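>>> Fold the following for me, if possible:
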Amino acid sequence: MTGSLAHWGAFTADVVDGDIAAVHPMRGDADPSPLLGNLPGSLRHRSRVEGPAVRRGWLEDGPGPSDRRGAEEFVAVSWDELTELLATELRRVVDTHGNEAIYGGSYGWSSAGRFHHAQSQVHRFLKLLGGYTFSRHSYSLGATGVIMPRVVGTHDDLFKRSTDWNVIAAHTDLMVCFGGVPMKNTGINDGGTTAHPTRDALRRLRERGGRIVSFSPLRDDVDGDCEWLAPVPGTDVAVMLAMAHVLATEGLADKAFLERYCTGYDRFERYLLGVDDGVPKSPRWAEDVCGLPADQLTELARRMAAGRTLVTISWSLQRTRHGEQAPWMGLTLAAMLGQIGVPGGGFGHGYGSMNEAGLPPLRCRLPSLPQGPNPVRTFIPVAAVSDMLLHPGEPFDYNGLSLTYPDIRLVYWAGGNPFHHHQDIGRLRRAMARPDTVVVHDPYWTAMAKHADVVVPSTTPYERDDYSGSHNDPLLVAMPALAEPHADSRDDYATFSALAHRLGFGEAFTEGRTAREWLEHMYQTWSYGLTFEVPPFDEFWRAGSVRLPTEPGLTLLADFRADPVAHRLHTPSGRIEIFSDDIDGFGYDDCRGHPAWLEPDEWLGGPRAQEFPLHLLANQPATRLHGQLDGGAVSQASKVQGREPIRMHPTDAAARGVDDGEVVRVFNDRGACLAGVVVDDGLRPGVVQLSTGAWYDPEDPADANSLCVHGNPNVLTADVGTSKLAHGCTGAHVLVQIERFDRPLPPVRAHEPPVIVRRPDAQ
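Residues are numbered from 1 along each chain as shown. The predicted structure follows:
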C-alpha cells in the first residue's frame with residue numbers, strides 16, 4: 001500500500017492491475033470523507049482520454065469558429081503531431097492577434113499537487129509565451145472576493161485566519177448559521193486535507209450547552225440537533241435586516257463598538273429604520289418577504305444579544321443575484337452585536353463550505369511552482385467567460401473600473417470543466433463556438449473536452465510524483481505515483497516542456513529540470529526561508545509527510561479589536577465599512593453604499609414564480625467534489641435510474657403526480673434536464689434541490705439547447721452576474737417547473753468517450 005493525498009483526504013491505496021482497488025483513510029482522521037470511495041476504478045475508467053485527439057473539422061478545415069464543437073468525431077494523432085499543431089496555432093494567434101487573444105481559463109480544482117497543479121503549469125507556460133487574458137476570483141467566491149476586501153480589508157483571512165473550531169466549541173453560546181454548516185462540504189480542501197474536525201467541534205459545543213440555529217431551506221444543512229428555520233430561498237438579507245432592526249430599536253446594538261471599530265453605521269441605520277424610504281426593515285416587514293414569523297425573528301435577535309453569538313454566512317449565499325449583500329449584512333449584524341474579535345463571538349464566512357474555516361493556519365507558506373509575471377494585463381471576472389466570448393470589444397463595469405472584453409481567438413483550458421461551473425450551458429455552448437481554437441488538457445472526456453478542438457490526455461494525480469498540503473493543515477504530504485500513466489497520457493509538465501521547446505523558450509520553462517528535479521528544487525527553495533527545520537527532501541519523501549507548525553486558538557479580528565490603530569484594516573477608513581463611500585461613489589444600481597435587501601430575479605416572491613413556481617437550489621453534491629469522478633461508485637450509487645437525484649417535498653411531488661424513484665423533466669425558459677425524484681420532507685415546500693456536478697449529457701449533441709438527460713442544473717441557471725461590482729456567479733438559485741417524463745428514457749452517455757477515428761497511416 002502507498003500513501004497519497006486528495007482534495008478530500010489523505011489515504012493509502014491498494015493498487016491492482018494499474019488501478020486503485022481500495023482506499024483506506026489516513027489513521028487518525030476523526031471523520032474521513034466518504035468521497036474517497038470514488039477513487040477505486042478511476043485510473044482505468046472508460047471515460048479516460050487515452051491519447052491525443054483533434055476534432056475532425058478543425059484538423060481538416062483549419063482553425064475557425066464552429067458550432068460543431070461537442071457534436072463531431074475526433075481523430076487520433078501522435079504526440080509529435082499534436083505538439084506541431086499546437087505550436088503552430090499558438091504562434092499564429094500571437095503573431096496575428098497578439099497575446100491578449102489567448103484566454104488561459106484553466107479554472108478548476110484539478111490536482112491537489114504543488115507541482116503538477118494544472119493552473120500553475122498552464123499559466124507559467126502562457127506567461128513565458130508572452131502572456132494571456134486571465135480571470136479573477138472564483139465561481140465559489142466571486143461576490144465575496146470583491147465585496148469583503150472593500151468592507152473588512154480582506155477575504156482570504158476570513159477563511160484562513162478564522163475563529164478556531166476549538167474556540168467555538170469552548171466559548172460560543174449561540175451559533176446562528178445562514179446557509180447552515182453542511183457536513184458534506186467539510187471533507188474537502190483544494191490543497192488536500194488530513195483532518196476533519198467539524199463534526200466533533202459541533203458535538204462539543206452542544207455538550208457544553210451551546211445552541212445552533214440554521215437558516216436554510218434544507219434541514220440537512222446542519223447535521224444533528226439544531227433549530228431549523230426555513231426561509232424563502234434568497235431572503236437571508238431580509239432576515240438579517242429584521243434582526244438588526246430589533247437590535248437598533250430595542251437598544252441592544254453595541255454603539256461603543258460601532259463607533260470605535262466601524263464607519264458608516266449612521267448612514268446604514270437610516271435605511272434600516274426606513275427614515276428615507278418610509279419602509280422600516282422590521283420583523284413584520286421581513287415576515288412578508290421571508291415567510292418566517294416576525295415574533296420568531298424578534299425573539300432570536302434578543303437571544304443573540306444576550307449571549308456569546310457567532311454569525312456565520314455560507315459561501316452559497318453569495319452565489320445569487322446581489323450576492324454581495326449577504327456577507328456584508330452578516331458582518332454588519334455581527335458588528336451591531338459588538339462581539340467581533342471576542343472568543344466564540346463575532347463573524348464567520350465559509351464554515352461548512354470547505355474544510356478550511358475553523359482550522360489553524362500554517363505559520364509558513366507552502367512550496368510552489370514559480371509562474372512569473374503576466375505581460376498581458378487584460379482580465380475578466382471568472383464568471384463572465386460567455387460574455388467575453390460573445391461580446392468582444394464591448395465595455396463593462398467591474399469593481400469601480402470600466403473595462404472592455406477582449407477578442408479571444410484561442411481558449412486554453414487545463415484543469416477544470418466550465419460545463420460544471422458555468423451557468424446557462426446553452427449560452428456557453430454558443431460562446432464556445434466563437435473562438436478559432438479551443439484546447440483542453442484533461443484525464444477524462446468531460447463535456448469541456450468533448451467541446452474542444454485539441455484534446456491533450458493528462459495523467460491523474462495518482463500517476464505522477466508530487467506533494468501537497470493546504471494553508472490550514474499541518475502536514476505536507478508526499479504523493480508518489482500509485483500507477484503508471486494510463487494508455488498514452490502524459491503529465492502537463494511534459495506536454496508544456498515539448499511545446500515550449502518547439503516555440504523556442506524550452507530552457508526558460510524547464511530551467512533544465514525534470515519533474516522530479518523540480519520537486520526537489522521547490523522543496524529546497526522553500527526550506528531555505530523557514531524559521532524552523534524540516535528534513536532533507538529524500539528523508540521527507542521516505543517518511544511520506546512532514547508536520548508544519550500552525551497557529552491554533554485564533555479568533556477572527558482579535559488583534560484589530562485589541563488595537564484598531566496598530567492593526568487597522570486594509571480599508572480606506574482602516575475600520576469595518578458598514579457604509580462604503582467608494583462603493584457608493586460607483587453609482588451602481590445593483591450594489592449600494594451599504595448592505596440592503598435587493599429583490600433577486602429568481603425567487604418565489606417575484607413575477608417569474610407565476611410561470612416557474614419551484615425554487616431550485618443547485619448546491620454542492622454530497623457524493624463527489626463538483627463534477628470530479630462523477631463516474632465513481634459513491635456518485636453513481638446516488639443516481640436514480642441513472643440520473644442525478646432531485647429532492648422534492650411530498651406536497652410538491654403529489655401536486656405533480658410524481659413518486660419517489662420516477663424520472664422527471666425539470667425545465668424553464670432556458671432549458672431542461674432529466675432528474676430522478678427523491679421525495680423528502682426535509683425541504684421547505686416549494687423548494688427542490690438538484691446538486692451540481694452531473695456531467696452534461698445532451699440528448700442531441702448538435703443542439704445547443706438540447707435536453708440534458710443526466711441532470712446538470714446549469715442548463716437552467718441564468719448567466720448573469722451578482723452585480724456590476726463583482727460579476728460573481730449566480731448559479732445557486734433558479735426557478736423551474738417539473739413534470740413527469742413519460743416517453744422512453746434516453747440513454748446516459750455522459751461518461752462515454754466520443755467517436756475517435758484512427759487514420760490508417762497513423763503510427
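>>> So which residue is dead centre in the protein?
Taking CA atoms, centre = their mean, the centroid of the chain lies closest to Ser140, which sits 3.2 Å from it.
>>> What sits closest to it if chain neighbours are left out?
Trp315 (5.7 Å; CB to CB, 6 or more residues apart in numbering). (Glycine included, C-beta is placed from N, CA and C.)
>>> Which residues are in contact with the one you found?
Going by CB atoms under 8 Å, 6 or more residues apart in numbering, Trp315 touches Ser140, Leu141, Thr144, Gly179, His349, Gly350, Ser353, Met354.
>>> go with 10 Å
Residues counted as contacts of Trp315 (CB atoms under 10 Å, 6 or more residues apart in numbering) are 138, 140-144, 159, 179, 185, 323, 326-327, 349-354, 357, 620, 732.
>>> cool, Ser216 as well?
Shown in contact with Ser216 (CB under 10 Å, 6+ apart): 177-182, 222, 226, 228-231, 233, 236, 314, 316-317, 617, 619, 683-684, 687.
>>> Quick check: the residue nearest to Ser140 vs Met148, distance?
When distance is defined by CB to CB, to the nearest Å, Trp315 is 12 Å away from Met148.
>>> for Gly553, same thing?
For Gly553, the distance to Met148 equals 23 Å [CB to CB].
>>> Looking at these two, which has the bigger crowd around it?
Taking other CB atoms under 10 Å, Gly553 and Met148 do not tie; Met148 has more neighbours (22 against 13).
>>> picking up where we left off before, go through the contacts of Ser216 and flag which are in helices.
Counting by DSSP state H, the part of those found in helices is Asp236.
>>> Tell me which entries of the contacts of Ser216 lie within strands.
Of those, the ones assigned to strands by DSSP state E are Cys177, Phe178, Trp228, Leu229, Leu617, Val687.
>>> Need the pLDDT of the first one.
So that's Cys177. On pLDDT, Cys177 comes in at 98.
>>> beta partners of it?
Here Cys177 shows beta-bridge partners Ser214, Thr312, assigned using DSSP bridges.
>>> Kindly list the longest helix within the chain.
helix 79-97.
>>> shaky segments in the stretch 101-250 of the chain?
Scanning the stretch 101-250 of the chain for pLDDT under 70 picks out the ranges 108-110.
>>> do you know how far the closest residue to Gly9 other than its chain neighbours is from Tyr103?
Here the nearest residue to Gly9 in space, its sequence neighbours aside, is Ser33; by CB to CB, 6+ apart that works out to 5.0 Å. Per CB to CB, Ser33 is found 33 Å from Tyr103.
>>> can you check Glu394 too?
Distance of Glu394 to Tyr103, given as CB to CB: 16 Å.
>>> State the distance from Gly350 to Gly341.
Counting by CB to CB - Gly350 and Gly341 are separated by 18 Å.
>>> So the two - more neighbours on which side?
Neighbour count, other CB under 10 Å: between Gly350 and Gly341, Gly350 has more, with 26 against 21.
>>> neighbours of the residue lying closest to the more buried one once chain neighbours are set aside, just the number please.
On the basis of CB to CB, 6+ apart, the spatially nearest residue to Gly350 that is not a chain neighbour turns out to be Ala357, at 4.2 Å. By other CB under 10 Å, the residues close to Ala357 number 27.
>>> Spell out the secondary structure type for Tyr467.
Three-state call for Tyr467 (DSSP: H, G, I helix; E, B strand; the rest coil): strand.
>>> Give the bridge partners for it, please.
Counting by DSSP bridges, the residues bridging with Tyr467 are Ala478.
>>> mind listing what it touches?
So, once contact is read as CB under 10 Å, 6+ apart, Tyr467 ends up touching 4-5, 112-116, 192, 366-367, 476-480, 519, 522-523, 537, 540-541, 544-546.
>>> Buried among those residues? Make that a ChimeraX selection.
Entered in ChimeraX, the line below selects the buried ones among the contacts of Tyr467, by 16 or more other CB atoms under 10 Å:
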select :4,5,112,113,114,115,116,192,366,367,476,477,478,479,519,522,523,537,540,541,544,545,546
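>>> So the chain: which segments form each domain?
Domain ranges of the chain: 50-139+372-547, 159-190+203-352+556-586, 607-740, per automatic domain parsing.
>>> What separation do you get for Ala456 and Thr495?
Careful, residue 456 is Val; it's not Ala. Val456 is 6 Å from Thr495, where distance means CB to CB.
>>> can you check Met336 too?
In terms of CB to CB, Met336 sits 54 Å off from Thr495.
>>> quick one: which of the two has more around it?
Set side by side, Met336 and Thr495 show more neighbours around Met336, with 31 against 24, by other CB under 10 Å.
>>> For the more buried one, which non-adjacent residue is spatially closest?
Closest to Met336 by CB to CB, 6+ apart is Ala253, at 4.4 Å.
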